[in-house]
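Structure, please.
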Amino acid sequence: MSPVQKTVERVQTGVRIERRILQILKAVAAHKGIGLGDLLEGIVLHSFEGKQPFNEQSLDFIRQMQHAYGLDLTAADSHRLYEKT
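Numbers count the residues shown, from 1 in each chain. You can find the predicted model right below:
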């Protein structure tokens, strides 16, 4: 039995995000064959329920992308980020 699709209303938004994080998110979305917005919605919905949004295979791919794009940030850095002016 296939899951029931739900109708949603999507809006265009302009968010600022760290460049390397965006590159990795785009790579993950492309790897999964989905759009960036769909990936972000999935991550957020999983997080709202306290669930892990990625399986081990996806996490391995993410680690590869972190290395490829030079992302050295961790969750511990999330509240200590600032922009160069």
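
Which pLDDT value goes with residue 1?
You'll see residue 1 listed with a pLDDT of 68.

does residue 28 really touch residue 58, like I thought?
Yes: taking contacts as Cβ atoms under 8 Å, residue 28 lies within contact range of residue 58: 7.0 Å. For the C-beta atoms, the positions are set from N, CA and C on the backbone; glycine is no exception.

Settle it for me: which of those two has more neighbours?
Per other Cβ atoms under 10 Å, whichever of residue 28 and residue 58 has more neighbours is residue 28, with 18 against 14.

Three-state assignment for that one, please.
Here residue 28 is helix, with the state taken from DSSP: H, G, I helix; E, B strand; the rest coil.

tell me the contacts of residue 74?
If a contact means Cβ atoms under 8 Å, 6 or more residues apart in numbering, then residue 74 has no contacts.

where does this structure have low pLDDT?
Scanning the chain for pLDDT under 70 picks out 1.

Would you state the strands of the chain in chain order?
In the chain, no segments count as strands under DSSP state E.

so how far is residue 80 from the residue nearest to residue 32 when sequence neighbours are not counted?
Distances taken as Cβ to Cβ, 6 or more residues apart in numbering place residue 39 nearest to residue 32, at 6.8 Å, with adjacent residues excluded. For residue 39, the distance to residue 80 equals 25 Å [Cβ to Cβ, to the nearest Å].

Those two: which is more packed in?
Between residue 39 and residue 80, counted using other Cβ under 10 Å, the more crowded position is residue 39 (18 against 7).

Good, we can wrap up now.
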